[in-house]
Structures are given as structure tokens and as C-alpha cells.
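In: Next input, structure requested:
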Amino acid sequence: MTTLGLQLYTVRDDLGKDWGGTIKAVAKAGYTAIEGGPGKGMSPAEYLKFCGGLGLATPAGGCGLEQMEKDLAGTLDRAAQTGAKYLMLGWLPPDRRKNAADWKALATALNGWGKAARDKGITFQYHNHDFEFTPVDGTNGLEIILANTDPALVRIELDVGWVTWAGADPAPLMRRMGKERLRVIHLKDLVLAPTKTWAEVGTGVLDLAGVAAACRDLNIEYAFIEQDTCARPPLESIAISLTNARRAFGG
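Out: Numbers count the residues shown, from 1 in each chain. Sure thing, here's the model as predicted:
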């Protein structure tokens with residue numbers, strides 16, 4: 001059964017004001033897993049102890065392009081020390097995705113990083129936004145990544161909200177990727193009018209039922225709820241999202 005967790009980016013402002021209190025509130029809201037990392041000045045051991053004491057698993061984290069290029073070993077070590085089974089590359093700057101050659105160069109790098117991560121017992125993932133769906137040289141960035149990376153080394157942490165934002169349908173894409181490529185998703189919702197805006201899971205246009213069914217069929221391990229911007233206090237938003245997601249996922 002898919003575990004519903006929280007991507008801590010959703011509550012980043014609260015974390016900046018009161019890291020410990022916010023993590024306690026996340027646990028109180030009913031979450032049992034988080035994707036993130038230690039607070040400022042906190043060691044990995046302190047992070048694990050604090051989260052474990054609240055019943056929060058810490059199976060996943062993120063990294064930046066510069067970290068992977070300049071400090072691969074250190075980045076993987078820190079991820080392992082925080083209990084991460086999964087590590088995602090969360091962003092690709094515009095100057096690194098101008099054409100198909102850029103995407104192919106990224107794919108080559110992803111394979112290398114994926115192998116290094118596997119050697120540390122970590123599954124490496126690429127996290128999409130909407131720009132992977134932008135046409136480039138007769139294809140797009142996501143298709144280039146899928147065609148030029150080894151699924152045993154590079155998984156996709158599919159953000160179903162960004163897929164929807166880009167005008168694509170996430171559930172069929174999940175099924176096409178299959179179990180080998182897809183083990184973790186970001187569960188995110190949005191409204192399209194009057195302007196595109198992020199929304200609590202289950203309150204927007206996301207095909208939540210279809211995504212939940214695909215997660216069941218593919219035995220997706222984690223669906224991390226995320227909301228980039230919230231109209232209400234984020235801690236209220238994450239509670240609404242979890243309630244709706246549980247209903248859809250049958251948990």
C-alpha cells in the first residue's frame with residue numbers, strides 16, 4: 001500500500017520560524033513519513049532521533065545540481081545518514097535545458113549519479129516540473145531522459161501536479177513508466193482558472209482517483225503531498241490534503 005507522506009517544502013516558511021514545532025504539527029496532522037532533511041544546525045543523527053520520536057519516517061530527500069556536480073560523495077553520505085532510501089534531483093536551471101543536446105548531457109550525468117547512489121544503497125530520482133514537456137528538437141526533455149537513462153539507475157519522482165500543469169494526463173504516464181521506473185510520486189493538485197494556482201489535494205483538477213488507482217496497480221511506495229503555495233496557512237492545507245488523499249487511496 002502506498003504511504004502518504006509530506007514534502008516539507010510545503011511548510012518551509014513555518015519551518016524557518018519553528019522547525020521543531022512545525023515537524024510536531026506535521027506528525028499531529030497524521031503524517032507518518034516526510035521528504036526533506038535536518039533543520040539548520042541539526043546533525044543527521046539529531047534529525048533521525050527527533051523525527052523517529054514522533055513516528056515520522058525519513059525515507060527521502062532532495063539535492064541540487066551543484067551538490068551533485070561538486071560534492072557527489074558528500075551529498076550521498078549526508079542522504080544516507082538521514083535514513084534516505086530515495087534521493088531526488090529537484091531542479092534544472094534554464095541554461096542547462098536549452099536543446100536536446102543539453103538534455104542528453106543531463107541523462108549521461110544522471111546515469112553516473114544513479115550508479116554512485118546505488119553503490120551507497122540509495123535510489124536516485126529525477127523530479128520533473130512542467131518544462132520537461134516543452135517541445136525541443138522534435139521531442140521533449142522527459143522523453144530524452146527516459147530514452148537515455150538506465151531505469152535501474154535513474155528513477156523518476158513524478159510530480160503529478162506539474163504533469164497536469166503542463167497539460168498532460170498523469171495516470172497513463174505513470175502506467176507507461178511502470179514499476180521499474182516509478183516508485184515515488186509527488187501528489188499535488190491545482191486549479192486552472194481564473195489563473196493556474198496550486199490547491200489542496202482533492203480540491204482541484206488533478207485526476208486524483210486515476211492517480212490513486214495507478215499507485216495501487218504499480219505498488220508505488222510513497223506519495224508525498226506537496227503544495228508550492230497555499231492560500232490558507234500551510235499546516236491547514238496539509239491536513240485538508242491528507243484527508244482527501246486518504247479517501248482516494250483508501251487509507
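
In: Show me where the protein has its helices.
Out: Secondary structure of the chain (DSSP state H): helices at 12-17, 19-28, 44-53, 65-70, 72-81, 100-119, 141-148, 160-165, 170-181, 208-218, 234-249.

In: what comes up buried for the fourth one?
Out: Of all the residues in helix 65-70, those buried under the rule 16 or more other C-beta atoms under 10 Å are Gln67, Met68. In short, each C-beta sits where N, CA and C put it, glycine included.

In: So what touches that helix?
Out: If you take C-beta atoms under 8 Å, 6 or more residues apart in numbering as the criterion, helix 65-70 is touched by Gly74, Thr75, Leu89, Trp91, Leu92, Pro93, Arg96, Ala109, Trp113.

In: again, but for the second one
Out: Counting contacts by C-beta under 8 Å, 6+ apart, the residues outside helix 19-28 that touch it are 6, 8, 11, 14-15, 34, 39-40, 42, 50-51, 54-56, 235, 238.

In: Buried subset of the residues you listed as a ChimeraX selection?
Out: Filtering the contacts of helix 19-28 down to the buried ones (16+ other C-beta under 10 Å) takes a single ChimeraX command:
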select :6,8,11,14,15,34,39,42,50,51,56,235,238
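
In: where does the chain dip in pLDDT?
Out: Across the chain, residues meeting the criterion (pLDDT under 70) sit at 251.

In: Bridge partners for the residue most central in space within it, pull those for me.
Out: Residue closest to the average C-alpha location in the chain (C-alpha atoms, centre = their mean): His186, at 4.5 Å. Beta bridges link His186 to Asp159, Phe224 when assigned by DSSP bridges.

In: got the contact list for it?
Out: Gln7, His127, Glu157, Leu158, Asp159, Val160, Gly161, Trp162, Ala223, Phe224, Ile225, Glu226.

In: sorry, back to before: from the contacts of helix 65-70, which would you call buried?
Out: Thr75, Leu89, Leu92, Ala109, Trp113.

In: Which two among those residues are spaced furthest apart?
Out: Thr75 and Leu92 (16.2 Å; C-beta to C-beta).

In: Hmm, Glu226 and Ile185 touching each other?
Out: No - using C-beta atoms under 8 Å, Ile185 is not in contact with Glu226; the gap is 9.8 Å.

In: Pull up the overlap in contacts between the two.
Out: Applying C-beta under 8 Å, 6+ apart, one finds that Ile185 and Glu226 are jointly contacted by Asp159.

In: And these two? Which one has more around it.
Out: Neighbours per residue, other C-beta atoms under 10 Å: of Ile185 and Glu226, the larger number sits with Ile185, 28 against 25.

In: how near is that one to Trp162?
Out: Distance of Ile185 to Trp162, given as C-beta to C-beta, to the nearest Å: 11 Å.

In: Kindly report the same for Gln7.
Out: Per C-beta to C-beta, Gln7 is found 13 Å from Trp162.

In: With neighbour numbers in mind, choose between these two.
Out: Using other C-beta under 10 Å as the criterion, Gln7 and Trp162 rank with Gln7 on top: 27 against 22.
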